[in-house]
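Colleague: Fold the following and give me the result.
(one chain, ligands or ions: 1)
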Amino acid sequence: MVKAGKVLKLIVPETTENYDHASMRRILIIGASGQTGSRFHPLFPEDQIVSPPHADLDLANENNLRNFLRENSFQTILIPGGMTDPAQCEKDPQRAFDINSRGPGIIAEEAQGAHVIYFSTDYVFNGKEGPYSLEAIPDPISVYGRSKLEGEKRIQRGKWTIIRTCHIFSVDPGNNFLMHVTRNLLEKRPVYAYQDQYSTPTEVESLVEETAKIVREERVGLLHLSGKETCSRYEFAMEVSSLLGVEGVVPTFCPEDGRPRKVGLHSHLPSWKEGVRKHVAQIKENGLPKART
Ligand SMILES: NC(=O)c1ccc[n+]([C@@H]2O[C@H](COP(=O)([O-])OP(=O)(O)OC[C@H]3O[C@@H](n4cnc5c(N)ncnc54)[C@H](OP(=O)(O)O)[C@@H]3O)[C@@H](O)[C@H]2O)c1
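Modeller: Numbering: from 1, shown residues only. All right, here's what the predicted structure looks like:
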């Protein structure tokens, strides 16, 4: 175990000609191995990015977080990390709250003036009448949603931004819904897709680019960032199937397992269809992505 407080994986741009060190930001990313967190590095070529792996900086470890943040200071702390699988959260609520709520709360306490940006979810709503506006009242019905709403409350001290997003998709070694559908169809397995669960899917590059602007402009407060159009999981899977030219999507209904049905957010990022077209074209050209190194 690396000692808490040590600056790990310090990534500094190689070209420093005419480089204005005074304007360089130090940015901490917690969750930099994930679908969203792994895409920030190229967007901050003039800044210092510090991105410790989960094993070295653990949202569930209070002492580790406090020591690290007391010994290192940052202008910006991005927290795309978290316990992001709703089913795992249902199985281990204590851990879900430790990672998604208490850890971010400790970061807000120890931020030393840094701008803290926390990623939250449309699952803070009950899913009866989405997509949701910024004025809508949260009413989570799952452990994941409750733990993220509690994280939202705890992050609100000092300089903070909450970015609620939903159904993030990308070409990624992980198992987001686009990759789940694509892998199964290409490997000739049926894909069961809910025709009664709706959201406003979010293409990851548009999300991280908008987040990078928020960092640079130091925008604070609560924001919704997702694609601007709604679809069901079934419609999404059918679009992937049609672009791949492979059949095998089977419509089904969402189980009564407490997951919100009509979620999604009112927001302005590009429509999911554009993103799906771009990513499926990429997969057709390059094949399925390899595991992250
Ligand atoms: N994916 C979605 O559709 C979606 C929808 C709405 C909101 N969000 C929110 O958006 C954010 C980004 O989602 P994502 O899909 O990009 O996430 P992801 O791919 O699941 O990545 C999660 C990241 O969190 C890290 N992590 C997990 N436990 C940790 C811990 N105890 N301490 C430190 N790091 C830990 C993981 O590291 P390891 O892999 O090393 O464990 C990974 O880097 C999350 O906050 C999520 O709640 C996501």
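Colleague: Write out the residues of the stretch 151-293 of the chain neighbouring the ligand.
Modeller: Counting by C-beta under 6 Å from any ligand atom, the stretch 151-293 of the chain comes close to the ligand at T165, C166, H167, I168, G174. For the C-beta atoms, the positions are set from N, CA and C on the backbone; glycine is no exception.
Colleague: cool, and the stretch 1-150 of the chain?
Modeller: 30-31, 33-37, 53-54, 58-60, 80-84, 99, 119, 121.
Colleague: swap the cut-off to 8 Å and go again
Modeller: Taking C-beta under 8 Å from any ligand atom, the part of the stretch 1-150 of the chain that reaches the ligand is made up of 30-38, 53-55, 57-61, 79-85, 98-100, 103, 118-123, 144, 148.
Colleague: among those, which ones are buried?
Modeller: With neighbours counted using 16 or more other C-beta atoms under 10 Å, those contain these buried positions: 30-32, 34-38, 57-61, 79-84, 98-100, 103, 118-123, 144, 148.
Colleague: Can you list the residue ranges for helices in the stretch 1-150 of the chain?
Modeller: Along the stretch 1-150 of the chain, counting by DSSP state H, counting those that start in this stretch, helices occupy 62-71, 86-91, 93-97, 103-109, 143-155.
Colleague: For the first one, buried residues please.
Modeller: Okay, so that is helix 62-71. So helix 62-71, judged by 16+ other C-beta under 10 Å, has buried residues N64, L65, R66, N67, F68, L69.
Colleague: same question, the second one
Modeller: Of the residues in helix 86-91, those scored as buried under the neighbour-count criterion (16+ other C-beta under 10 Å) are P86, C89.
Colleague: Tell me where this protein has strands.
Modeller: In order along the chain, the chain carries the following strands (DSSP state E): 10-11, 26-29, 48-50, 76-79, 115-121, 159-165, 168-169, 191-194, 198-199, 202-203, 221-224, 231-232, 249-252.
Colleague: Quick one: list the elements packing against the second one.
Modeller: The helices and strands touching strand 26-29, judged by 3 or more C-beta pairs under 8 Å, 6 or more residues apart in numbering; DSSP states H and E, are strand 48-50, strand 76-79.
Colleague: and the ones you listed, which is most packed in?
Modeller: Scoring the helices and strands packed on strand 26-29 by mean neighbour count under mean count of other C-beta atoms under 10 Å gives strand 76-79 as the most buried, with a mean of 26.
Colleague: what does it contact?
Modeller: Strand 76-79 is contacted from outside by 25-31, 37, 40, 59, 104, 107, 111, 114-119, 155, 211, 215, using C-beta atoms under 8 Å, 6 or more residues apart in numbering.
Colleague: change it to 6 Å
Modeller: Applying C-beta atoms under 6 Å, 6 or more residues apart in numbering, the external contacts of strand 76-79 come out as R25, I27, L28, I29, I30, P104, A114, H115, V116, I117, Y118, V215.
Colleague: mind putting those in JSON lines, distance to E274 included?
Modeller: Shown next, in JSON lines, are the contacts of strand 76-79 (distance: C-beta to C-beta, whole Å):
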{"residue": "R25", "distance to E274": "30"}
{"residue": "I27", "distance to E274": "28"}
{"residue": "L28", "distance to E274": "31"}
{"residue": "I29", "distance to E274": "26"}
{"residue": "I30", "distance to E274": "30"}
{"residue": "P104", "distance to E274": "31"}
{"residue": "A114", "distance to E274": "34"}
{"residue": "H115", "distance to E274": "30"}
{"residue": "V116", "distance to E274": "31"}
{"residue": "I117", "distance to E274": "25"}
{"residue": "Y118", "distance to E274": "27"}
{"residue": "V215", "distance to E274": "24"}
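Colleague: Looking at neighbours, which among these is most surrounded?
Modeller: Most neighbours among the contacts of strand 76-79, by other C-beta atoms under 10 Å: P104, with 31 neighbours.
Colleague: ok, and the closest non-adjacent residue to that residue?
Modeller: In space, and not counting its chain neighbours, P104 is closest to G151: 4.6 Å by C-beta to C-beta, 6 or more residues apart in numbering.
Colleague: next one: M24
Modeller: Leaving aside its sequence neighbours, M24 sits nearest to D47 (C-beta to C-beta, 6+ apart; 5.6 Å).
Colleague: again with A32
Modeller: S51 (3.5 Å).
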